[in-house]
Structure formats: structure tokens, C-alpha cells
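[1] Quick one, fold the following:
(one chain, ligands or ions: 2)
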Amino acid sequence: MSSSKVLIGVIGGSGLYHLDNLTLVEHVNPETPWGFPSSPIAICSLPSGTRVAFLARHGIGHTFHPSTVPARANIAALKSLGVRVILAFSAVGSLREEISPGSFALPTQIIDRTKGVRPVSFFEGTTIVAHASFGDPFSTKFVKWLEEKVSKALEEEGRGVKLFTDKCIVCMEGPQFSTRVESIMYRQWGGDLINMSVLPEAKLAREAELSYGLVATATDYDAWRPHSETVTAAEVFKTLKANADTSRHVVATILEDLHQAISSGSKESKNLLLQEVGTMQFSIMSRSEQQNPEDRKKLAFILPEYFSD
Ligand SMILES: CSC[C@H]1O[C@H](OP(=O)(O)O)[C@H](O)[C@@H]1O
Ligand SMILES: Nc1ncnc2[nH]cnc12
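    Ligands and ions are numbered 1, 2, ... in the order given. All right, here's what the predicted structure looks like:
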């Protein structure tokens, strides 16, 4: 495995399988106690030489279903490279008229409509119990920082892509899309966006004490509009390429600032980088004789501060 230390990880979703506007340095494929990530991780260099890690959530050839993405291995592998902040991208359906396909959004809340078939915790299957706080599922200070930076990057790109902030995303199991009445119900619940991927990714980032933010890129109007066809994969594909191009522009434009902010040692850096650090200390049930030492060893891979005996 490479010794490259990178602070920023980018997770690309449907349509975003590479960052070919950055310079590829190498691919790494770290094995974790939860297996290998969805695909080898590309270490890419910004023009300044700053390195960032890029991971295609569904694999480079989109071979993982939303329910079978190895999210634990993905998060653990990124953390093992030194990553502290994750900027994730996702193709989403819009549950609001004003969020037209091609728009971008920064969600701050999640409604969980997954069906319990995905492993959702690093502690699952171990003798150690933890209850992470998840009231604010995205790192609030990072998302605030993203608002200004992403908005500027979109303006500068000049394609007229709008940015919506403070939105609520529904995460459904899939792989089939929603029925019309489900889609209407999600709107009544306060959902603005819908995808199949933000969970358990956001939960696992929280357990690994990583700052995590999601850029949701709208591809369709899901199934709630009374006189319209409901979403199909073909409809989603129509917007994927343009959304992926804009996502690559956003990455190239804001990551240098993000890297500088998090490596400066300033108050801003601490806000962005350290918001989640130390939080698991209050989430893990106290040590007991019955805890299996092997489980502690496994968990030390993501949380060495608490589990390196
Ligand atoms: C291709 S449509 C459904 C698929 O797209 C989204 O993927 P991602 O979040 O990785 O961009 C959605 O969550 C579904 O997995
Ligand atoms: N309508 C939709 N529902 C769930 N996931 C999606 N990803 C893109 N569009 C979607």
C-alpha cells in the first residue's frame, strides 16, 4: 500500500467514476477488516501538488447495487489513507418543482427509508456497542463552508447550475424507484431530494469521526408529479454527464481552498476538520471483561484512539 497521506476524500456516485481533470498519481487498494473498497482509490494531484483521494462508490464500472456497496470498507479505506474530510457526490431525484434536473443541493437532514439489509455500523457483529449521535447527519460546519464555495464554483462555471441549501434527503433501499404515492408521501414528510446511497455512508463517516458533506446533483423529478411520466434510469442518464462535468469543476475549484483551510491550524481549520473528532468517545459503552480483544483490534483500524490497547 502507498504511504501517501491525503486529508480529503471524494466519493463519486452514478456518472462520476473518475476525476480526469486532475492528475492521476497512483491507484491504491487498501484491505480493511471489512474487505476491499468498491474499487481501487485514485490518488490525484491538484495543480499545487496537493493530493486528494477519489473513490467511485459503485465501482469504476458501476458494478455495485446501492444495497451492496461496501460502505464500511470504503470509509475505513479512506480513513486509513489519512483522509479526515469526505466530500461525497450523489445523483438524486427531486421532490420539489423548483429543484429542476441539473440543479445541485446541499442536504442537512436525512429520512431513512432503507430496509435494514445494509450493514450500518462498524460495531455490528462485534461485542462492543456504540451509539453515535446523528441528529445532524452531515458535518454542519463543513456544509456551511461548502455553501459559499460551491455556489461560487457554479457561478464561475457559467452554465447556470443553481445551488439549493438546507434540504432534506430521503434515502430509499431501491434498486427499483419509488411508486407515485411513496414519492408524494416523502414530500409530505418534508423530503426535498431522494437517493439510494447516502446511508449508511454518512453514519459510517460519523462513526469514523470524519467530516462528511454531500453534494446532491438532481437528475429527475422522481414519481410525484401528477401529469408526468415517473422516473426511469434512461431519464437519469440524460443529466448524468452534465452533472458529472459540473461536479468535476466543483472539485477542482474548491479542494485547494479546502486543503488550505484544513491544514492551516486556524480556527476555521479546526471547525472543518475537527468537528467530529472526539465525538465517539461519548458513544461507546464502557469497556468490559466480556468484550472480545479481536473486536477491539478490528475497531482500532478506524478508531485507534479508543481501541489500541
Ligand atoms: C442511476 S439511478 C439510481 C442510483 O443513482 C444514485 O447513485 P449515487 O448516489 O451513487 O449517485 C442513487 O443513489 C442510486 O444508487
Ligand atoms: N428518483 C430517484 N430515486 C432514487 N434515487 C435516485 N437517484 C437519481 N434519481 C433517483
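
[2] How about the contacts made by residue 268?
    145, 261 (CB atoms under 8 Å, 6 or more residues apart in numbering). In this view, the C-beta of every residue, glycine as well, is placed from N, C-alpha and C.

[3] pLDDT-wise, which helix or strand of the protein ranks last?
    Using mean pLDDT, DSSP states H and E, the weakest-scoring helix or strand in the chain turns out to be helix 267-274, at a mean of 74.

[4] Name the surrounding residues that touch stretch 58-66.
    Under CB under 8 Å, 6+ apart, the answer for stretch 58-66 is 13-14, 17-18, 38-40, 56-57, 69-70, 173-175, 196-197.

[5] and the helix or strand that comes right after the least confident helix or strand of the chain, what does it pack onto?
    Next helix or strand after helix 267-274 toward the C-terminus (DSSP states H and E): helix 293-300. If you count contacts as 3 or more CB pairs under 8 Å, 6 or more residues apart in numbering; DSSP states H and E, helix 293-300 packs onto helix 304-307.

[6] buried stuff in the helix it packs on?
    If you call a residue buried by 16 or more other CB atoms under 10 Å, then helix 304-307 has these buried ones: 306-307.

[7] So what touches it?
    By CB under 8 Å, 6+ apart, the residues outside helix 304-307 that reach it are 280-281, 284, 296-297, 299-300.

[8] cutoff 6 Å now
    Helix 304-307 is contacted from outside by 296, 299-300, using CB atoms under 6 Å, 6 or more residues apart in numbering.

[9] next one: it to chain centre, how far?
    24 Å (CA atoms, centre = their mean, to the nearest Å).

[10] With stretch 297-309 instead?
    23 Å.

[11] residue closest to the middle of the protein?
    residue 88 (3.5 Å; CA atoms, centre = their mean).

[12] Tell me what angle the host helix or strand of it forms with helix 267-274.
    For residue 88, the element it lies in under DSSP H and E is strand 85-94. Per axes from the mean of the first three to the mean of the last three CA atoms, to 10 degrees, the angle that strand 85-94 makes with helix 267-274 is 70 degrees.

[13] can you pull the alpha-carbon coordinates of strand 85-94 into PDB?
    These are the backbone C-alpha positions of strand 85-94, laid out as PDB (Å, rounded to 0.1, in the frame of the first residue of the first chain):
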ATOM      1  CA  VAL A  85     -12.900  15.200   5.400                       C
ATOM      2  CA  ILE A  86     -15.200  13.500   2.800                       C
ATOM      3  CA  LEU A  87     -16.900  15.300   0.000                       C
ATOM      4  CA  ALA A  88     -19.400  12.900  -1.500                       C
ATOM      5  CA  PHE A  89     -21.500  13.300  -4.700                       C
ATOM      6  CA  SER A  90     -24.800  11.700  -5.400                       C
ATOM      7  CA  ALA A  91     -27.300  11.600  -8.300                       C
ATOM      8  CA  VAL A  92     -30.700  12.300  -6.700                       C
ATOM      9  CA  GLY A  93     -34.300  12.600  -7.600                       C
ATOM     10  CA  SER A  94     -36.000  15.900  -6.900                       C
END
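
[14] What strands flank that strand, and is each parallel or antiparallel?
    Strand 85-94 pairs in its sheet with strand 8-12 (parallel), strand 193-195 (antiparallel), strand 211-220 (parallel), by DSSP bridges.

[15] about what we covered before: filter the contacts of stretch 58-66 down to the buried ones.
    Applying 16+ other CB under 10 Å to the contacts of stretch 58-66 flags 13-14, 17, 38-40, 56-57, 69-70, 173-174, 196-197 as buried.

[16] wait, which of those is closest to ligand 1?
    Nearest to ligand 1 among those, counting by CB to the nearest ligand atom, is residue 13 at 2.2 Å.

[17] if I look at the residue nearest to the closest one when sequence neighbours are not counted, how far off is residue 18?
    Leaving aside its chain neighbours, residue 13 sits nearest to residue 90 (4.3 Å; criterion: CB to CB, 6 or more residues apart in numbering). Look at residue 90 and residue 18: by CB to CB, to the nearest Å, they are 16 Å apart.

[18] Tell me where the protein has strands.
    8-12, 23-28, 41-45, 51-56, 85-94, 104-113, 163-172, 193-195, 211-220 (DSSP state E).
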